[in-house]
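[1] Here you go, sequence then predicted model.
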Amino acid sequence: MGFDIHGVKPTEVEHYDNFKKEEVVTGEYFRANVWYWRPLWTYICRTCDDILTEDDMEAGEYNDAHIISKSKAKRIATRLRKLDKNGYTMNYEKSYYEGAREAQEKVGHYPFESQVVFEFAEFCKESGGFEIC
């Protein structure tokens, strides 16, 4: 099971994806399997709780086609990029693993990677809003 995140109205920012050997539109699509999505969404809810509503936060746990508006997506992108730039995301990643040593089994299934946060921020910035499917 995974979460397919589709940009509502992505901007035409294209780049060449060496892995897929094709040009892609940054804000068009973001895919995360359930193991990556849950910790990413938890992090977003914790750091963007003044941007997202309670309904948004809860709906992000399901792939029921909930839409996050363009203005919220832009604000999320700005916040995530700022947290990445000041080192907060990397520190969160370190504490995520250090704090869960006793629960290593759970962490192994639900990894948190600052690179995924960065990629999601770039997606949000160019998405024009996004739908969680």
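    Perfect, I can see it now.
[2] Quick one: the helices in the chain, in order.
    Along the chain, counting by DSSP state H, helices occupy 34-47, 54-59, 70-85, 88-98, 104-109, 114-127.
[3] Would you mind giving those helices as CSV with mean neighbour count added?
    Yep, even glycine has a C-beta here, placed from its N, CA and C like the rest. Shown next, in CSV, are the helices of the chain (neighbours: other C-beta atoms under 10 Å):
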stretch, mean neighbour count
helix 34-47, 18
helix 54-59, 14
helix 70-85, 18
helix 88-98, 15
helix 104-109, 11
helix 114-127, 21
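[4] any chance of those in a markdown table, plus distance to residue 133 and mean pLDDT?
    Shown next, in a markdown table, are the helices of the chain (distance: least, C-beta to C-beta, whole Å; pLDDT from 0 to 100):
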| stretch | distance to residue 133 | mean pLDDT |
| --- | --- | --- |
| helix 34-47 | 11 | 96 |
| helix 54-59 | 11 | 98 |
| helix 70-85 | 15 | 98 |
| helix 88-98 | 25 | 93 |
| helix 104-109 | 22 | 60 |
| helix 114-127 | 13 | 96 |
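[5] nearest to residue 5, of those?
    helix 114-127 (7.0 Å; C-beta to C-beta).
[6] Quick one: list the elements packing against that closest one.
    strand 2-7, strand 29-33, helix 34-47, helix 70-85, helix 88-98 (3 or more C-beta pairs under 8 Å, 6 or more residues apart in numbering; DSSP states H and E).
[7] can we see that at 6 Å?
    Applying 3 or more C-beta pairs under 6 Å, 6 or more residues apart in numbering; DSSP states H and E, one finds that helix 114-127 contacts helix 70-85, helix 88-98.
[8] centre of the chain versus the last one, how much separation?
    Looking back up the chat, that one is helix 88-98. Relative to the centre of its chain, helix 88-98 is centred 16 Å away, using C-alpha atoms, centre = their mean, to the nearest Å.
[9] Kindly export it (C-alpha atoms) in CSV.
    C-alpha atoms of helix 88-98 as CSV (Å, rounded to 0.1, in the frame of the first residue of the first chain):
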residue,chain,number,x,y,z
TYR,A,88,16.0,21.1,12.5
THR,A,89,15.0,18.3,10.1
MET,A,90,18.3,16.6,10.4
ASN,A,91,18.2,16.8,14.2
TYR,A,92,14.7,15.5,14.1
GLU,A,93,15.9,12.5,12.0
LYS,A,94,18.7,11.8,14.5
SER,A,95,16.4,12.0,17.5
TYR,A,96,13.8,9.9,15.7
TYR,A,97,16.2,7.0,15.6
GLU,A,98,17.9,7.6,18.9
